[in-house]
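Undergrad: Quick one, what's the 3D model for this:
(2 chains)
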Amino acid sequence: MAIFVDRDTNVLVQGITGRLGALQAKLMLDYGTKIVAGVTPGKGGQTQFGIPVYDSVQEAVSKHRIDASVIYVPASFVQDAAFEAIDAGIKFMVIITDWVPLHSEMKVKAYAKSRGTCYIGPNTPGIMVPGQTSLGMISPSAVMPGGVAVLSRSGTLTDEIASHLLEQGIGQSVVVGLGGDSVVGLRMIEVLKLLKEDKRTKGVVIVGEIGGTMEEEAAEYCKIEFDKPVVAFVAGRTAPRGKVMGHAGAIIMGERGTAESKISAFQSADVPVAKTLWEVPLLVKKMV
Amino acid sequence: MRLYEYEGKEIFKKFGIPIPKGRLVRIWEEARQAATEIGEEVVVKSQILTGGRGKAGGIKIVKTPEDAEKIAQEILGMELEGYKVNSLLIEEKLDIANEMYMGVTVDDENGVPTAIVSTEGGVEIEEVAKRNPEKIASRLIDPLYGIRSYEAIDLWRQVGLTGETLTSASRILFQLYNVFASYDARIAEINPLVITSEGKMIAADSRCEIDDNSLFRHPEFKDLHIQRIENLWEREGVKGGVNYVNLEGNIAVMANGAGLTMSLLDIIKAAGGSPACFLDTGGGLSKERMKNGVSLLLKKAISDARIKVILLMVRMMISPPDAVAEGVIEAIKEVKVKTPVIAVIRGREPYQKRAQELLKDSEISLYSSVEEGIREAIKIAKE
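TA: As a prediction, the model looks like this:
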C-alpha cells in the first residue's frame, strides 16, 4: 500500500448527509474513492448516491470492511464522531472539520493513541494518492501520479503548491494535509518516517507555516535520518507577532514558532527553502 | 479569548480557590466606598487584557480610601500597554510571606495539558525557567482522566513543599486544572499564589484564556468576545466569519485559507509591495462569507485612503463557483468604491472556469496566474 490509503481502501464517510459531507462524498466518488458506507444518526436505512447510510459506525463496521473514515460532522460533534470510529476499531481517520475545540482535539489525540488509531486533522484538506484515491477535498486538477510527496499544514496552500508542481510536469506520490490547528493527529516527522520506506516517493515537499515546532522536528529528522531529497516552503515570514493568523496553530509566541527559526532549521539540514510558490517546482527539479 | 483578572477570580471562587476580598469599580466615584468596605490599606488594580500592568503603573497600593479615590480617578480611562483601562479591581492588601506559581496550559508537541508549578512566583515563569530551573516542576496530564490528586502532590513535592503547605497547594492545583478543563482554557494560571504571614494560601492574580473554538460551549462569553476586539475591522471580520488582521501597507489582501493568505503577504513583501491587511475567509466558502470578506475590504478601502488596490485570491477546492462569484459581485454592487480589484481564481476544474466565466463581465481584473496577479497589484500600488 502507498501511505495510509490506496485504491483498495474501503472508506466510511461520517456526516455523509450533511451539506458539506454530501458535496464532498460526491466529489470523492467521482475521483474513484471506494466509499462503501456513510453514517448519520437518524438516517439509517437511507442511501446517499447509492451508498448505504447507517445510524452508527458500529453498525456500518458490522456490515462492511472499513479501512478508513472521513469525518465531516460539525465541530461540536467531532469528538464524539472520532471516539465512535476509534471504538469501532477503525485504524485511520481523516478529520476534515475546522473550528474544533482544543480540548476535544486533546481528548481525541489521547484516545486514538491509546487504541492504536492514526489520524490526520482536524482542519485538513485530507489525503490524496493521485490516480488512486482521495479522502478529502484536494483538487484532482492539481495532481497526477508521480514521485514527490507533499506534506503540509495548510488547505488551499497545499492544493496551490501541488498545482505548481503539476504545471512543471512533476507528479505526486501522495498529498497529505496534517491540519492547521495546534493539536493535530499525525505530526510531520511521523509521516516522514513512513515516506522513508515508501518506494514510490522519490522526494518530499514540506509546506510549513509559523507556529509550533513541527517543522523544526522534521528538519532535525531530515538532517539525521531521512535520505530522500526535501524542499521546504514556510508561510508567514512577514506575519506580525502574537496574532493568530487564521489557523489556530499559526501564531508566534515570543521566540517560538517564528518563520526564521523554521527556515534556519531547514537550512542547517541542507533543505532548500523556496521563497515563492513558483520556486518550489524549480528547487524540486534541482534536487530530484 | 483572554479573561480579565476579576473574571478569572470569579471562576476561581466558584471552584473553591481562595481569592482576596475585592470589588470591581467602573467609575472613580465608587472607589472610596469600595476601599472603605474592604479595609484601610488596599491595592488598586487596573483591569486590562495583557500582562505587565505592574511595571506600566497599572497597580497601586494605597493607604486610605481617599487615596484609592484619587488613584482611581487617575488610572480609569488611561491607556496602558495599548489598552484603555475601563475598570479597576480594588482588593485587600495581602500580608505576603512568600509567592509561588502554578499554571495549566497545552503542550503543543505532545498535544496534552501540562501542569507547571514553581516555588518562585510574581515574576514571569519563563524567567524562572532560565534562571532557576530547579524551582520548577512540570508534568503532562492525561486529558481523558484529568489531573489526579497524587499527581498534584507529586509536582509540589518535587520543588520541596511539605506538610500543610504541600496539601493546600496541591488542592488548589487540582482545582485549577478543573477550571482549565471546565472552561476549555488554553491557559489557566495563578501568578502569584501568595502565602500570607498567617500561612493562608490565596490566588493574588488570575490569567485565563478560553479557546475561541469552544465559545459555543460558553455562551456567557460568546458575545463579550466580539465586543472586546479593539480593532473595528478585526471585529467586523469575526462578525462576518472571516479572520482579519490589520497591517500598515497599501495592498488589501484576501484569500481563502490561512497558509495561502500568509504566503501572498510574504511574496508581496519580498517583491517590494506592502500589504494593508491579512484577510482569510477560511475554506468551504458560502456566498455570504465571500461577500462579507470582500465587503470588509471595500469598506476598509473607502475609509483608508492609503489603500491603492485590492487583491483577492480564491483557490477553488470545494467552494461552489457560483457562490464565490455571486459573493464578489454582490459586494461590489453594494459597496461602491473606485479602488481597483484584482482577482486570482485557480483550482479545481470545472469550478475555476465557471467562476471566471461568471466574473468576466464585472469590473474586476481576472488572473489565473498568482505571479501575474501579484505583479499587477504591486504595479498599481506604486503608481
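
Undergrad: As a check, name the ranges of all helices in the chain.
TA: No chain was given, so I picked chain A. Assigned by DSSP state H, chain A shows helices spanning A:19-31, A:57-63, A:78-87, A:102-115, A:156-167, A:188-197, A:214-224, A:259-268, A:279-287.

Undergrad: Let me rephrase: I mean chain B.
TA: B:5-14, B:31-38, B:65-75, B:125-131, B:149-158, B:163-182, B:219-227, B:232-239, B:258-270, B:287-303, B:321-334, B:351-359, B:370-382.

Undergrad: any weak-confidence spans in chain A?
TA: A:1-2, A:246-255 (pLDDT under 70).

Undergrad: care to break it down by domain?
TA: A:10-120, A:138-287 (automatic domain parsing).

Undergrad: Tell me which of these lies nearest to chain B.
TA: Closest approach to chain B among the domains of chain A (Cβ to the nearest Cβ): domain A:138-287, 2.7 Å. Yep, even glycine has a C-beta here, placed from its N, CA and C like the rest.

Undergrad: quick one on the thing from earlier: of all the helices of chain B, which one comes closest to residue A:58?
TA: Closest of these to residue A:58 is helix B:163-182, at 28.0 Å (criterion: Cβ to Cβ).

Undergrad: Now do the buried residues in that closest one.
TA: Across helix B:163-182, burial judged by 16 or more other Cβ atoms under 10 Å in any protein chain shown covers B:165-166, B:168-181.

Undergrad: Kindly report the same for stretch A:205-224.
TA: A:205-222.

Undergrad: of those residues, list those near chain B.
TA: Taking Cβ under 8 Å from any Cβ of the partner chain as the test, chain B is in contact with A:207, A:209, A:210, A:212, A:213, A:217 out of those.

Undergrad: what sits against residue 4?
TA: No chain specified, so I'll use chain A. Contacts of residue A:4 were listed using Cβ atoms under 8 Å, 6 or more residues apart in numbering or on different chains, and they are A:68, A:92, A:118, A:127, A:194.

Undergrad: wrong one, I was asking about chain B
TA: B:47, B:48, B:49, B:87.

Undergrad: can you rerun that using 6 Å?
TA: Going by Cβ atoms under 6 Å, 6 or more residues apart in numbering or on different chains, residue B:4 touches residue B:47.

Undergrad: and the closest residue to residue A:216 other than its chain neighbours, how many residues sit next to it?
TA: Leaving aside its chain neighbours, residue A:216 sits nearest to residue A:265 (4.5 Å; criterion: Cβ to Cβ, 6 or more residues apart in numbering or on different chains). Using other Cβ atoms under 10 Å in any protein chain shown, residue A:265 has 23 neighbouring residues.

Undergrad: Residue A:265 and residue B:262: what is the separation?
TA: Look at residue A:265 and residue B:262: by Cβ to Cβ, to the nearest Å, they are 18 Å apart.

Undergrad: picking that back up, need the helices of chain B in TSV (columns: distance to residue B:112).
TA: Supplementary listing: the helices of chain B in TSV, determined by distance: least, Cβ to Cβ, whole Å:
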stretch	distance to residue B:112
helix B:5-14	22
helix B:31-38	40
helix B:65-75	40
helix B:125-131	19
helix B:149-158	13
helix B:163-182	12
helix B:219-227	24
helix B:232-239	29
helix B:258-270	24
helix B:287-303	33
helix B:321-334	39
helix B:351-359	40
helix B:370-382	39
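
Undergrad: For chain A, which of the ones you listed is the nearest?
TA: helix B:258-270 (2.7 Å).

Undergrad: so what does the closest one touch, helix or strand wise?
TA: helix A:156-167, strand A:230-235, strand B:251-255, strand B:275-280 (3 or more Cβ pairs under 6 Å, 6 or more residues apart in numbering or on different chains; DSSP states H and E).

Undergrad: repeat that for 10 Å
TA: helix A:156-167, strand A:203-209, strand A:230-235, strand B:243-246, strand B:251-255, strand B:275-280, strand B:309-316, helix B:370-382 (3 or more Cβ pairs under 10 Å, 6 or more residues apart in numbering or on different chains; DSSP states H and E).

Undergrad: In JSON lines: these, plus distance to residue B:123.
TA: As requested, these are exported to JSON lines (distance: least, Cβ to Cβ, whole Å):
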{"stretch": "helix A:156-167", "distance to residue B:123": "40"}
{"stretch": "strand A:203-209", "distance to residue B:123": "32"}
{"stretch": "strand A:230-235", "distance to residue B:123": "33"}
{"stretch": "strand B:243-246", "distance to residue B:123": "31"}
{"stretch": "strand B:251-255", "distance to residue B:123": "40"}
{"stretch": "strand B:275-280", "distance to residue B:123": "34"}
{"stretch": "strand B:309-316", "distance to residue B:123": "45"}
{"stretch": "helix B:370-382", "distance to residue B:123": "46"}
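
Undergrad: Deepest in the core, which of the helices of chain A is it.
TA: Comparing those by mean neighbour count (mean count of other Cβ atoms under 10 Å in any protein chain shown), helix A:156-167 ranks first with a mean of 25.

Undergrad: Do any residues in it lie close to chain B?
TA: Yes - interface with chain B: helix A:156-167 contributes A:156, A:157, A:158, A:159, A:160, A:161, A:163, A:164, A:167 (Cβ under 10 Å from any Cβ of the partner chain).

Undergrad: just stretch A:14-31 next, same as before
TA: Yes - Stretch A:14-31 is in contact with chain B by Cβ under 10 Å from any Cβ, via A:19, A:20, A:23, A:24, A:27.

Undergrad: Just list the residues touching the third one, thanks.
TA: Put plainly, it is residue A:23. A:72, A:137, B:284, B:318, B:319, B:320 (Cβ atoms under 10 Å, 6 or more residues apart in numbering or on different chains).

Undergrad: Among those, which one lies nearest to residue B:31?
TA: Ranked by distance to residue B:31 (Cβ to Cβ), those are led by residue B:284 at 50.3 Å.
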